[in-house]
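S.K.: Sequence first, then the predicted structure:
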Amino acid sequence: MTKHGGDTIKCDALPWLPLAPKVFIKVIKTVPETGAFSVMIRAEAGGVLPRHKHLDAAEIYIFKGAGKHPQTGAFEPGDYVSETKDAIHDPLHFKEDTELLMISQGPSAFIDDKDQTLYMMDVAMLQNLAASAGQPRPS
């Protein structure tokens, strides 16, 4: 692996880490200099991604599962979802097992019904979560 030519990340070898009830992530890459990160998200049927606000834009590619996002609409495998900076998303309830790739330009704030931040999904949180599972620091 060389920093001059890029990196190949063995995603299948990365652990699934808990994010929310029945929702798990693999931390693929973090970029502390910009706040960007890339994660895989796997939700089991019945899982819920809590209400959140994107503090910067994010892009999502659906690999498995179908459903309906309250703000961006229906999705199925092969779909690409573009989420804009400052977008607020209501809880996403997964009716079937779902897997997706999210590439985010910055953090997301998990928020309550009054838009108060409960916790952040950012580079520091993701690096700490990965380290707690013994994963080398994602970079």
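M.R.: Cool, the structure landed.

S.K.: From here on, just use CA atoms for contacts and neighbour counts.
M.R.: Fine.

S.K.: elements contacting the helix or strand of the chain with the lowest mean pLDDT?
M.R.: Across the helices and strands of the chain, mean pLDDT, DSSP states H and E gives its lowest value to strand 67-69, namely a mean of 91. The contact analysis (3 or more Cα pairs under 8 Å, 6 or more residues apart in numbering; DSSP states H and E) places strand 67-69 against strand 73-75.

S.K.: Quickly run through the sheet partners of the strand it packs on, with directions.
M.R.: strand 67-69 (antiparallel) (DSSP bridges).

S.K.: Now find how far off-centre the strand it pairs with is within its chain.
M.R.: 16 Å (Cα atoms, centre = their mean, to the nearest Å).

S.K.: give the contact list for the spatially closest residue to I60 that is not a sequence neighbour.
M.R.: Leaving aside its sequence neighbours, I60 sits nearest to M102 (Cα to Cα, 6 or more residues apart in numbering; 4.5 Å). By Cα atoms under 8 Å, 6 or more residues apart in numbering, M102 lies in contact with S38, V39, M40, I41, A58, E59, I60, Y61.
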